[in-house]
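Asks: Can you look at this prediction? I've put the sequence above it.
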Amino acid sequence: MMKKIVQIACIGCLLSTLIMGASAVSVTASPDSIQKGETVTVSLSDIPDGAPFSLRIDATFAVSPGSEFAFRAEDFVMPISLKDSTVSASTENAQEILLEVKPSDGKMIRMIDDEKYSVTLNKNIGAGTYDHLILGGTAGEKSTEIRTSMSLTGEKQGPKDSAITFRVAGITDGIVTVTALVDGHKELAKEITIGQGIVPTPTTSRPSNPSGPSGPGNPGARTTPTPLPEKYSTDGVVHVLGEDAPGISVLTTQTPTVPEEWQAVTGTYLLNPQEKTFSQIVTLTFRLPQKVAADPDAYTLFLAEYADEEWTALPSSIDGDEISATIRNGGTYALMTFARAEVPSATVAAAAHGQADTSEEPLTTTVTPAPTQSPTGILAAIGAIVGTLYIAGTRKRL
């Protein structure tokens, strides 16, 4: 009887150890609201080294048409490093984009693009404090609201428990949304109000012309259809168009294993919430890389979805330098072609769209996802250990 009690106690200790070792990844952000100049804290818990990690900071705020704007994340404390990483930025409703990264003890990097409204910087992100990350530009001539996005993506290195902090500057009223992905899974989507939130900028309306065509009585009057909402990835490569677009986040993620006869032309993008079924059809569009767009007929291009651990080709159409497909749900998508040696590989980091004030060369990265132990595997291991101990005890009694 005593031996049986000892065995049960040992099993209990073993179970406790395994459960403690299987603690869940957690990413949280606080507070719920701030004033200009106050600090946002993103707390990271139990994130293992080597895990793919992505932090995205979106800001929405009112502007005057044609004015200059700048969202600033100052005193940006980064306690972890991101290996094989990229910094991506994009704006909506702007005429140009400016990205400026200033490490406390390093050379400032400044990138400007007045055509694509998006820039990508391929640079390892080291742990430390950054004086600022600035995303700015000039608002469109008719723009009264700006949306900016900055993302840091790479392989996490450093303490498993830490906190990323930064002070919000440059805007007095608006909304900041912080999103974090670990190993391709969204662990955080936090909306933080700045000041009074979104405050519309007053505009002067033009007086109507009573002699001009107006009203339902004029058979020649035309109504302009309301454009469908759009949402872009931070690097500007991907955008979605449809009624459900405002609720979608387009994030970069690691590329699962591709069939031998296929080759990924771009990186892989996650449409979050990945389990969401759209109320109406959404159009997913990828911008073709410059080399491919110059001669698209030389390739067999198609968009593909990754679900249930396999890739499926989607009916796709090419228009100019873009390729599109209709989709009905969130998930993981990429631009593919049939394998050929001269296709620009998606594992090669693309040079920045704009001109960067830096002498550093773009990095070349090939990332292989690290195997992870699922809860099902842990439970199976526990069951095997318990069964072995039980059989051993039974044999002794026999």
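Replies: Sure thing, it's come through.
Asks: all strands in the stretch 201-350 of the chain, in order from the N-terminus.
Replies: 230-232, 238-241, 249-253, 262-272, 277-287, 301-307, 310-314, 317-319, 322-329, 331-338 (DSSP state E, counting those that start in this stretch).
Asks: repeat for the stretch 1-150 of the chain
Replies: With DSSP E, counting those that start in this stretch as the criterion, the stretch 1-150 of the chain has strands spanning 26-30, 33-34, 39-45, 52-62, 68-78, 81-92, 94-103, 109-113, 118-122, 128-139, 145-157.
Asks: could those be laid out in a markdown table, adding distance to residue 268?
Replies: For every residue, glycine as well, the C-beta is placed using N, CA and C. Supplementary listing: the strands of the stretch 1-150 of the chain in a markdown table, determined by distance: least, C-beta to C-beta, whole Å:
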| stretch | distance to residue 268 |
| --- | --- |
| strand 26-30 | 21 |
| strand 33-34 | 33 |
| strand 39-45 | 23 |
| strand 52-62 | 11 |
| strand 68-78 | 24 |
| strand 81-92 | 13 |
| strand 94-103 | 23 |
| strand 109-113 | 23 |
| strand 118-122 | 15 |
| strand 128-139 | 24 |
| strand 145-157 | 11 |
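Asks: okay, now the closest residue in space to residue 101 that isn't next to it in sequence: neighbour count?
Replies: Ranked by C-beta to C-beta, 6 or more residues apart in numbering and with sequence neighbours excluded, the top spatial neighbour of residue 101 is residue 109, at 4.7 Å. Look at residue 109: counted by other C-beta atoms under 10 Å, it has 18 neighbours.
Asks: I'd say residue 109 and residue 89 touch.
Replies: No - with contact defined as C-beta atoms under 8 Å, residue 109 does not count as touching residue 89 (11.6 Å).
Asks: any common contacting residues for the two?
Replies: The contact sets of residue 109 and residue 89 overlap at residue 99 (C-beta atoms under 8 Å, 6 or more residues apart in numbering).
Asks: now the protein, which segments are flagged as low pLDDT?
Replies: Applying pLDDT under 70 to the chain picks out residues 1-23, 115-118, 184, 200-225, 234, 340-398.
Asks: Nearest the geometric middle of it, what residue?
Replies: Computing the C-alpha centroid of the chain and ranking residues by C-alpha atoms, centre = their mean puts residue 251 first, at 2.6 Å.
Asks: So that residue versus residue 140, what's the distance?
Replies: Residue 251 sits 25 Å away from residue 140, going by C-beta to C-beta, to the nearest Å.
Asks: got it, and residue 310?
Replies: 42 Å.
Asks: cool, residue 301 as well?
Replies: 31 Å.
Asks: With residue 102 instead?
Replies: 27 Å.
Asks: repeat for residue 40
Replies: With C-beta to C-beta as the criterion, residue 40 and residue 140 are 28 Å apart.
Asks: and what of residue 254?
Replies: Distance, residue 254 to residue 140, by C-beta to C-beta: 34 Å.
Asks: who does residue 129 bridge with?
Replies: Taking DSSP bridges as the rule, residue 129 bridges to residue 77.
Asks: Could you report the neighbour count for it?
Replies: 14.
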